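Student: compute the structure for the input listed below.
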Amino acid sequence: MSTGEKAKKGFKMPHLFWIMMGLLLFACLLTYIIPAGEFAVDENGKILGDQFSYLGHQNPVAPWRMFMLILQGLGDSGLVIWTVLTSGAMTAVVMATGAIDELLNWAIYKLKDKSENILITIMFVLMVYLGGFGGTDALIAVVPIGVIFTKKLKLDPICAIGVSSYATLLGFGTGPTKQFITQLMMGVPVYGAFFTMFLSMNFFMLLGLFLLLRYVKKIRKDPTKSLMWSEGWNPANMKVTAEEEAKLSQGTKLSGRTIAILVLFLGQYGILVAYPLLGGDGNYLQHLMTALALFVAIVCGFIGGFSFDKVGDEFVKGLQGLVFVGFVIGLAKVMSLVLAEGMVIHTMVYAMTRPLMGLSRAVSSIGMTAIISVVNLLIPSATSKAAILVPILKPIAETLNMDLNVAVQAFQYGDGFTNMISPFLGWTVGSCVMAGVPFPKWFKWVFPKVIAFILISFVIMYVLTESGWTAF
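Tutor: From the prediction side, this is the model:
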């Protein structure tokens with residue numbers, strides 16, 4: 001093959017390991033460049049945002065010192081890391097039981113004789129709730145179900161993603177259980193804002209459904225309006241094979257085993273929400289989370305018919321998939337240690353917040369949401385992003401006298417919606433491949449909706465901040 005015939009290599013994001021190492025070295029460099037300074041604090045250790053002073057000397061942190069801080073960073077992040085690992089492993093065991101698959105098959109079977117809009121609505125709501133409470137990138141597996149579902153209704157492949165990954169990502173991005181790591185790192189009660197986030201998820205679910213149904217109505221009226229028409233889609237040529245029909249009809253019964261697994265899986269969140277409301281000690285909430293995760297994993301595994309070895313194998317697989325995420329959380333803590341030891345983190349916060357000090361906290365919370373929305377395009381992982389950004393965002397929020405629950409909500413909205421258009425998220429790009437939708441076509445369809453979601457989130461952030469909302 002000649003040189004001219006060789007395909008050009010496109011830009012590829014470096015592995016997150018190298019991104020983190022680069023950020024750590026950059027943090028060391030900043031301690032040599034940025035003037036050291038600090039805010040005054042009151043007797044309770046709270047930052048006084050209007051009292052800042054430069055130290056008059058540098059306190060640089062050399063790269064080798066940064067490496068020596070890695071073990072401390074990993075140790076200081078131990079509670080968060082192990083909470084992430086056990087929760088993720090529990091979810092992996094539940095997914096491996098097949099209870100989620102059986103629930104979807106049963107729902108589709110029960111809905112098969114309903115009218116089109118009712119079918120789409122119930123399917124969409126089910127997927128949003130699945131994403132909101134059990135969402136992981138493993139839910140890319142529901143895309144083939146969406147493909148068969150929409151093929152039966154003679155809708156285009158964009159609708160297939162619409163009733164699957166679009167819905168699950170919407171629930172995943174706004175669900176009430178999805179920001180517990182951010183809450184832990186911010187130092188606010190875990191699930192303390194459960195009801196607000198639950199209402200928010202349902203609001204965006206209804207909006208997302210409306211936008212999807214509007215598109216369905218448009219291509220029903222004129223199939224040439226479909227973005228996939230130019231790709232060869234034509235409802236007149238769509239047929240469901242006998243094998244696909246059988247797949248849609250296999251869930252004739254929802255087993256007691258699946259019901260028990262789902263009750264246990266969802267019930268743990270009810271316990272965690274109720275625990276502080278019933279007077280439980282908030283300092284032990286992480287201990288309760290870990291205990292429940294391990295208990296639910298074991299019991300659900302046995303209910304699912306797993307042997308002792310199978311339960312262990314699936315739990316280990318879940319741990320293995322998240323070990324690196326835990327390591328990233330520890331490295332992010334190292335970055336915070338470097339900036340703190342170099343006495344530059346307060347200077348950075350002072351420089352970033354000074355232009356905002358004359359603005360209302362509501363405008364600042366909107367700006368925080370917007371910044372995280374952009375960062376999310378490059379770093380879709382919520383856990384990794386929280387590990388990197390919270391050490392900076394938390395002191396900014398404290399300096400602006402912003403309630404930290406508001407900062408968490410800003411993080412959730414920023415973290416949630418741009419997942420749908422991120423070219424670096426395997427969930428999104430993989431969904432396009434599985435549904436046969438070119439990514440540019442998907443981007444064109446979903447981008448206006450993402451903008452609408454973000455703009456509405458700005459309004460919600462303004463109202464929450466101005467009303468003095470804390471968490472409920």
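Student: sketch out the low-pLDDT regions of the stretch 301-450 of the chain for me.
Tutor: 352-353, 355-359, 378-381, 383-384, 387-388, 424, 426 (pLDDT under 70).
Student: and the helices in it?
Tutor: Using DSSP state H, counting those that start in this stretch, the helices of the stretch 301-450 of the chain run over 308-341, 345-353, 361-378, 382-399, 404-416, 426-435, 439-466.
Student: just say which of these is most tucked in.
Tutor: Across the helices of the stretch 301-450 of the chain, the average number of neighbours (mean count of other C-beta atoms under 10 Å) peaks for helix 404-416, which reaches a mean of 26. Every C-beta, even on glycine, is put in place using the N, C-alpha and C of the backbone.
Student: show me what that one is packed up against.
Tutor: Packed against helix 404-416 by the contact rule (3 or more C-beta pairs under 8 Å, 6 or more residues apart in numbering; DSSP states H and E) you find helix 165-174, helix 180-186, helix 194-221, helix 361-378, helix 382-399, helix 439-466.
Student: can you state the direction angle for the first one and helix 194-221?
Tutor: Following axes from the mean of the first three to the mean of the last three C-alpha atoms, to 10 degrees, one obtains 160 degrees for the angle between helix 165-174 and helix 194-221.
Student: what are the C-alpha coordinates of helix 165-174, in CSV please?
Tutor: The C-alpha trace of helix 165-174 is given here as CSV (Å, rounded to 0.1, in the frame of the first residue of the first chain):
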residue,chain,number,x,y,z
SER,A,165,-29.4,4.7,25.4
TYR,A,166,-30.9,8.2,25.2
ALA,A,167,-33.4,7.2,27.9
THR,A,168,-30.9,5.3,30.1
LEU,A,169,-28.3,8.1,29.8
LEU,A,170,-30.9,10.6,30.8
GLY,A,171,-31.7,8.6,33.9
PHE,A,172,-28.1,7.9,34.6
GLY,A,173,-27.2,11.6,34.4
THR,A,174,-30.0,12.9,36.6
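Student: rounded mean pLDDT for it, please.
Tutor: What helix 165-174 shows for mean pLDDT is 90.
Student: off-centre distance for that helix?
Tutor: Here helix 165-174 is found 9 Å from its chain centre; the criterion is C-alpha atoms, centre = their mean, to the nearest Å.
Student: by contact count, what packs against it?
Tutor: Against helix 165-174 (3+ C-beta pairs under 8 Å, 6+ apart) you get helix 116-134, helix 194-221, helix 404-416, helix 426-435.
Student: over to the last one?
Tutor: In this structure, helix 439-466 packs against helix 157-162, helix 194-221, helix 361-378, helix 404-416, helix 426-435, with contacts taken as 3+ C-beta pairs under 8 Å, 6+ apart.
Student: tabulate those (a markdown table), appending distance to Pro448.
Tutor: Formatted as a markdown table, the helices and strands packed on helix 439-466 follow (distance: least, C-beta to C-beta, whole Å):
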| stretch | distance to Pro448 |
| --- | --- |
| helix 157-162 | 13 |
| helix 194-221 | 8 |
| helix 361-378 | 15 |
| helix 404-416 | 16 |
| helix 426-435 | 16 |
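Student: closest one to Leu170 among these?
Tutor: helix 194-221 (4.9 Å; C-beta to C-beta).
Student: for that closest one, what is the distance to the chain centroid?
Tutor: With C-alpha atoms, centre = their mean, you get 18 Å for helix 194-221.
Student: now the angle from that helix to helix 116-134?
Tutor: Going by the same axes, to 10 degrees, helix 194-221 makes 150 degrees with helix 116-134.
Student: list the buried residues in helix 194-221.
Tutor: Buried residues in helix 194-221, counted by 16 or more other C-beta atoms under 10 Å: 194, 196-198, 200-202, 204-205, 208-209, 211-213, 215-216, 219.
Student: likewise stretch 58-76?
Tutor: Those buried within stretch 58-76 under the rule 16+ other C-beta under 10 Å are Pro60, Val61, Met66, Leu69, Ile70, Gly73, Leu74, Asp76.
Student: OK, contacts around the fifth one?
Tutor: Each residue near Ile70 by C-beta atoms under 8 Å, 6 or more residues apart in numbering is listed here: Gly330, Leu331, Val334.
Student: gap between the first one and Val80?
Tutor: By that I understand Gly330. Distance, Gly330 to Val80, by C-beta to C-beta, to the nearest Å: 9 Å.
Student: and what of Met289?
Tutor: Met289 is 11 Å from Val80, by C-beta to C-beta.
Student: kindly report the same for Met402.
Tutor: From Met402 to Val80 the distance is 22 Å (C-beta to C-beta).
Student: for the helices and strands packed on helix 165-174, give me CSV that also has distance to Ile396.
Tutor: Shown next, in CSV, are the helices and strands packed on helix 165-174 (distance: least, C-beta to C-beta, whole Å):
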stretch, distance to Ile396
helix 116-134, 28
helix 194-221, 22
helix 404-416, 8
helix 426-435, 29
